[in-house]
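In: Next input, structure requested:
(one chain, ligands or ions: 2)
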Amino acid sequence: MKVLEAQFVKDFTKMCHDGYMQGWHEGNGGNISYRMRESEVENVREELNESGEWKEIGGPVPGLANEYFVMTGSGKFLRNVELDFADTCCIVKVNEDGTKYKVVWGLVNGGRPTSELPAHLMNLESLKARDPELRIVYHCHSPKVTALTFVLPMDEVIWTRELWEMVSECSIFFPQGVGLVEWMMPGSYEISKASAEIMKTKNVVIWVHHGMFACGHTFDETFGLMHIVEKAASILVDVISMGGVKRQAISVENFRAIEKVFGVHFDEKYLYERKSNKVGEY
Ligand code: 13P
Ligand code: ZN
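Out: Ligands and ions are numbered 1, 2, ... in the order given. The predicted structure is shown next:
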């Protein structure tokens, strides 16, 4: 089978399109990775060229040794993925000790995988250890979440509770809450390591003054998660714009009812009785 005929290429392309339509991918902003199933690798094996040179990943991922990943290219516009997948994306293979990668397909006009390759692979390694079917990592430049990183305190508990209160479904979509990474250099080992630490337990990582990472089992699930977090952030920005004081909100009692009805579990740290009805305060 040709790579371009594979279902994962169609799903990957759709997510690039959908994210672009949301306004999350200005210029080359954002990147995506997908950890391929063995059967998917075998199906396209005839098109893979293993003769390329090994390059340093920039962070070891022994848990992903010998695996294959679909990725966007560095500097490529996600807008253009649907126009020319083979120019904008690639398949990379990780070596036997998880320290190096090589491009085995794609980027036909040159280039390299996303500069966030270490963050993607290190996140995917955390996810594989948690649940082998969590295969997708999605990074976008989500404007409302980023706006909030200038005004909300650097406190994961406050962030989680504020976002949960914005839409009933939020706590069901991300019951583990969101994690925060303070400003660090994009593409660095440090920002990748901090993200991968959060992805050991959470599906959403916010990069302060930059954007967001979300993960999932399927492209729809991953995109939907990103969408609901950004939607909640957008409503929170509106609430802050209207003065930032809530007259009423989803209560602790309501969250406990959601836990029962939807069979989800929330960490008690998020279910505190609020002393303040102002956004960003306990
Ligand atoms: P790349 O073009 O290298 O993927 O970088 C885009 C980006 O969003 C960096 O954080
Ligand atoms: Zn980015």
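
In: Could I get the full set of helices for the stretch 1-150 of the chain?
Out: 7-21, 38-44, 85-88, 117-130, 143-148 (DSSP state H, counting those that start in this stretch).

In: right, and the helix or strand after the last one?
Out: So that's helix 143-148. Counting by DSSP states H and E, the next helix or strand C-terminal to helix 143-148 is helix 156-166.

In: Quick one: distance of the helix or strand just after that next one to the chain centre.
Out: The element immediately downstream of helix 156-166 (helix or strand, assigned by DSSP H and E) is helix 170-173. The chain centre lies 16 Å from the centre of helix 170-173; the measure is C-alpha atoms, centre = their mean, to the nearest Å.

In: Kindly list the longest helix within the chain.
Out: Scanning the chain for the longest helix, with DSSP state H as the assignment, gives helix 219-241.

In: Contact residues of the stretch 51-200 of the chain facing ligand 1?
Out: Thr72, Ser74, Gly75, Thr114, Ser115, Glu116, Pro186 (C-beta under 6 Å from any ligand atom). No exception for glycine: its C-beta is placed from N, CA and C like everyone else's.

In: Go through those and name the one nearest Asp18.
Out: Thr72 (14.1 Å; C-beta to C-beta).

In: just to revisit the earlier point, quick check: ChimeraX command selecting the buried ones in the residues of the stretch 51-200 of the chain next to ligand 1.
Out: Applying 16 or more other C-beta atoms under 10 Å to these leaves a buried subset, and the ChimeraX line that selects it is:
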select :72,74,114,115,116
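
In: In strands, which of the residues of the stretch 51-200 of the chain next to ligand 1 fall?
Out: Using DSSP state E, Thr72 are the members of those that sit in strands.

In: Can you lay out the residues of the stretch 51-200 of the chain next to ligand 1 as a markdown table showing pLDDT?
Out: Output for those, formatted as a markdown table (pLDDT from 0 to 100):
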| residue | pLDDT |
| --- | --- |
| Thr72 | 99 |
| Ser74 | 98 |
| Gly75 | 98 |
| Thr114 | 98 |
| Ser115 | 98 |
| Glu116 | 98 |
| Pro186 | 98 |
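
In: among the helices of the stretch 1-150 of the chain, which is the most enclosed?
Out: Of those, the one with the most neighbours on average (mean count of other C-beta atoms under 10 Å) is helix 117-130, at a mean of 24.

In: And it, what does it pack against?
Out: strand 31-35, strand 68-72, strand 136-140, helix 189-198, strand 211-216 (3 or more C-beta pairs under 8 Å, 6 or more residues apart in numbering; DSSP states H and E).

In: Buried ones in the last one, by neighbour count?
Out: Buried positions in strand 211-216, judged by neighbour count with 16+ other C-beta under 10 Å: Gly211, Met212, Phe213, Ala214, Cys215, Gly216.

In: which other helices and strands contact it?
Out: Using 3+ C-beta pairs under 8 Å, 6+ apart, strand 211-216 sits against helix 117-130, strand 136-140, helix 143-148, strand 204-207, helix 219-241.

In: Serialize those to JSON lines and add fields for mean pLDDT.
Out: Below are the helices and strands packed on strand 211-216 laid out as JSON lines (pLDDT from 0 to 100):
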{"stretch": "helix 117-130", "mean pLDDT": "99"}
{"stretch": "strand 136-140", "mean pLDDT": "99"}
{"stretch": "helix 143-148", "mean pLDDT": "98"}
{"stretch": "strand 204-207", "mean pLDDT": "98"}
{"stretch": "helix 219-241", "mean pLDDT": "98"}
